[in-house]
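Trainee: Fold the following for me, if possible:
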Amino acid sequence: MPPKEGSGSRIYVRVGENIEIDVAGAQSKVDSKLLKIRKGEAWSHAIAKVRQARENAISAAVEAAKHSGLPERGSAFKALVDNCILTKKPDQVLAAIHYLRDVEGINDSPPRTINNLFIDAGMPAPDNLSLYLNRLRERGFLTIPPSADEKNRYAMLTPEGRAHLDKRANT
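Mentor: Residues are numbered from 1 along each chain as shown. Below you'll find the predicted structure:
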């Protein structure tokens, strides 16, 4: 039974058919319960489903744009950057790698491909892309498969890089 108006707090999260989190009561108890829930398996599954839904939405938007003849590449990347409020160039470069790999399915993205994505989006391209890529690798946000001979053009997001983008998108 939900708390009476003004008598406490409530957090209700429903993801799909299987996951439902309902916490109600005094603010301190809700905070405590939520901290416990966030460490549990149900929270991890809920977050994974939300991430998958976001990825599906991005893919559906790209497909719809392709079929309608809209200029999908630049506008879709620009929408990703704008919706996630990615104002710093390193975050935008990380998002570009994510977009090229996970949305367009491009595994080989030389500097000109990344720069063209920024240009298609009407955004200034990074001045020194190699520097950004190397710093993102140093921070553990990007990795390069061993078979790629350490070439930045094959960079892909690590779980830490994906988490960093998710964190930026939620702030």
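Trainee: Quickly list the domain ranges of the chain.
Mentor: Here the domain parsing of the chain from automatic domain parsing is 7-70, 71-169.
Trainee: Now do the buried residues in stretch 33-52.
Mentor: Neighbour-count burial for stretch 33-52, with 16 or more other CB atoms under 10 Å as criterion, is recorded at 34, 37, 43, 46. C-betas here are computed from N, CA, C, even on glycine.
Trainee: Just to be careful, could you list which of the residues you listed are in helices?
Mentor: 34, 37, 43, 46 (DSSP state H).
Trainee: who's in contact with the nearest residue to the third one once chain neighbours are set aside?
Mentor: The shortest distance from residue 43 to any residue other than its chain neighbours is 5.3 Å, reached at residue 37 (CB to CB, 6 or more residues apart in numbering). Neighbouring residues of residue 37 by CB atoms under 8 Å, 6 or more residues apart in numbering: 21, 23, 43.
Trainee: Same question for residue 94.
Mentor: 136, 141-142, 157, 161, 164-165.
Trainee: filter these to the buried ones?
Mentor: By neighbour count, with 16+ other CB under 10 Å, those hold 136, 141-142, 157, 161, 164-165 as buried.
Trainee: Could you dump the contacts of residue 94 into a markdown table with distance to residue 117, pLDDT and secondary structure added?
Mentor: Formatted as a markdown table, the contacts of residue 94 follow (distance: CB to CB, whole Å; pLDDT from 0 to 100; DSSP: H, G, I helix; E, B strand; the rest coil):
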| residue | distance to residue 117 | pLDDT | secondary structure |
| --- | --- | --- | --- |
| 136 | 16 | 95 | helix |
| 141 | 18 | 95 | coil |
| 142 | 16 | 95 | strand |
| 157 | 15 | 93 | strand |
| 161 | 17 | 92 | helix |
| 164 | 19 | 90 | helix |
| 165 | 16 | 87 | helix |
